[in-house]
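*Asks:* Sequence plus the predicted model coming up.
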Amino acid sequence: MEQHARILKILQRVSGKQVNPGQNESLFASGLLDSFALTDFVSGLEEEFGVTIPDSDLSARKFDTIVKVDAYLSAKTK
């Protein structure tokens with residue numbers, strides 16, 4: 001499964017909705033994530049991708065779109 005699909009699967013689980021947001025659609029402005037759901041989303045990413053995301057990186061700015069999440073994970077898994 002490609003990285004994008006894995007991210008989307010986690011987002012759907014955390015949001016409780018079967019959604020498919022656009023690549024650059026804000027996950028926060030659309031209501032799919034909020035500050036509380038962000039921690040669950042990040043935990044899911046850590047588990048799925050085997051990475052550690054430090055608390056200092058927990059910001060909506062870094063995880064606002066699928067593109068940003070994908071780029072962040074690509075940088076962490078290289």
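*Replies:* Yes, it's here. Residues are numbered from 1 along each chain as shown.

*Asks:* What pLDDT is listed against the residue lying closest to residue 72 once chain neighbours are set aside?
*Replies:* Excluding its sequence neighbours, the residue lying closest to residue 72 (C-beta to C-beta, 6 or more residues apart in numbering) is residue 62, at 5.8 Å. Glycine gets a C-beta too; all of them are placed from N, C-alpha and C. On pLDDT, residue 62 comes in at 93.

*Asks:* In three-state terms, label residue 18 for me.
*Replies:* Recorded secondary structure, residue 18: coil (DSSP: H, G, I helix; E, B strand; the rest coil).

*Asks:* any idea how far it lies from residue 11?
*Replies:* As judged by C-beta to C-beta, to the nearest Å, residue 18 and residue 11 stand 10 Å apart.

*Asks:* So which elements touch the longest helix along the chain?
*Replies:* Longest helix of the chain, by residue count under DSSP state H: helix 35-49. Counting contacts by 3 or more C-beta pairs under 8 Å, 6 or more residues apart in numbering; DSSP states H and E, helix 35-49 packs against helix 3-15, helix 66-76.

*Asks:* Adding mean neighbour count and mean pLDDT, write those out as TSV.
*Replies:* Shown next, in TSV, are the helices and strands packed on helix 35-49 (neighbours: other C-beta atoms under 10 Å; pLDDT from 0 to 100):
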stretch	mean neighbour count	mean pLDDT
helix 3-15	16	94
helix 66-76	15	94
